[in-house]
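**Q** Have a look; sequence and predicted model below, questions after that.
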Amino acid sequence: MQEPSNQVVADADAMAVTAAQRIIQSADAAIEAHGLFSIALSGGNTPKPVYELLASPQYSKRIDWSRWEIYFGDERCVPPDDKASNYRMAREALFDRVPIAPQRVHRMRGEIDPQQAAVEYGQLLKEKFGDGGVDLNLLGMGDNGHTASLFPHTTALNETSHRCVAVFVAEVNAWRLTMTAPFINRSAEVLVLVAGAAKAQRVAEVLEGPRDPQRLPIQLIQPDPGRLVWIMDRAAAGMDKLD
């Protein structure tokens with residue numbers, strides 16, 4: 001396993017710019033290498049400004065959208081037009097604003113039976129990637145150390161044979177769909193975006209503390225081969241207290 005690379009930037013805005021630029025660089029490299037770029041998107045508030053930047057004219061014109069294939073790292077078990085849907089957020093922030101063909105966006109079907117949806121998405125990932133993974137997996141980290149929908153002390157953390165699973169998360173009293181850690185670890189590159197002072201203590205625990213992935217699931221993310229890059233603002237890195 002390669003050690004993670006930690007990049008600290010000034011604030012959340014700088015983090016969005018840094019992430020957007022890195023995504024474009026990864027896309028260009030993947031397209032040059034094998035003609036396509038596959039990316040798994042994350043939900044939540046942190047990546048939304050990244051998607052909006054990619055959709056802006058300054059960035060969008062640099063992107064060959066006909067070569068992108070978009071997947072999702074996790075999804076809430078709600079219809080695609082629900083305000084809680086990760087797909088809806090990404091559609092409004094990105095897909096509706098760029099010339100990407102609908103068939104290149106592969107959403108998890110949160111509106112159907114969770115187990116069926118997980119099997120369906122797992123089969124799609126197997127067909128598309130075989131024993132490999134996506135070119136770039138974009139992740140965040142919750143205050144509790146979860147990533148994607150890999151929550152502390154849930155059955156999904158012990159999964160070793162499936163690419164996607166359904167999991168009931170008692171913490172939020174809801175079903176979720178999520179890529180599993182073994183599949184995420186097949187990614188050529190993983191970007192973890194973390195912003196805000198509220199996450200500083202957890203970041204320190206994850207990166208510097210003892211290994212305890214049942215409590216801190218993001219510690220399961222160890223791409224090998226591949227690269228794990230954390231992009232944090234100064235607050236999340238605990239550096240704002242040094243000023």
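**A** The structure has been received and is ready for your questions.

**Q** Show me which residues of the longest helix that the chain contains are buried.
**A** The helix of greatest length in the chain, counted in residues with DSSP state H as the criterion, is given as helix 12-34. Neighbour counts over helix 12-34 (16 or more other Cβ atoms under 10 Å) mark 12, 15-16, 18-20, 22-24, 26-27, 30-31 as buried. Using the backbone N, CA and C atoms, a C-beta is placed for each residue, glycine as well.

**Q** How about stretch 209-227?
**A** Of all the residues in stretch 209-227, those buried under the rule 16+ other Cβ under 10 Å are 213, 216, 217, 218, 219, 220, 221, 222, 223, 226, 227.

**Q** what's the spacing between that stretch and its chain's center?
**A** On the basis of Cα atoms, centre = their mean, to the nearest Å, stretch 209-227 sits 14 Å off its chain's mean C-alpha point.

**Q** What would it look like as PDB? C-alpha coordinates only.
**A** As requested, the backbone C-alpha atoms of stretch 209-227 are provided in PDB (Å, rounded to 0.1, in the frame of the first residue of the first chain):
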ATOM      1  CA  GLY A 209      -4.200   7.400  15.300                       C
ATOM      2  CA  PRO A 210      -4.400   3.600  15.700                       C
ATOM      3  CA  ARG A 211      -6.200   1.500  13.000                       C
ATOM      4  CA  ASP A 212      -9.800   0.900  14.000                       C
ATOM      5  CA  PRO A 213     -11.800   0.700  10.800                       C
ATOM      6  CA  GLN A 214     -15.000  -0.600  12.500                       C
ATOM      7  CA  ARG A 215     -15.100   2.700  14.300                       C
ATOM      8  CA  LEU A 216     -13.500   4.700  11.500                       C
ATOM      9  CA  PRO A 217     -14.500   3.100   8.200                       C
ATOM     10  CA  ILE A 218     -12.600   5.500   6.000                       C
ATOM     11  CA  GLN A 219      -9.400   3.700   7.200                       C
ATOM     12  CA  LEU A 220     -10.600   0.800   5.000                       C
ATOM     13  CA  ILE A 221      -9.800   2.900   2.000                       C
ATOM     14  CA  GLN A 222      -6.300   1.800   1.000                       C
ATOM     15  CA  PRO A 223      -6.000   1.600  -2.800                       C
ATOM     16  CA  ASP A 224      -3.300  -0.700  -3.900                       C
ATOM     17  CA  PRO A 225      -2.200  -0.200  -6.600                       C
ATOM     18  CA  GLY A 226      -3.300   3.400  -6.800                       C
ATOM     19  CA  ARG A 227      -3.100   6.600  -5.100                       C
END
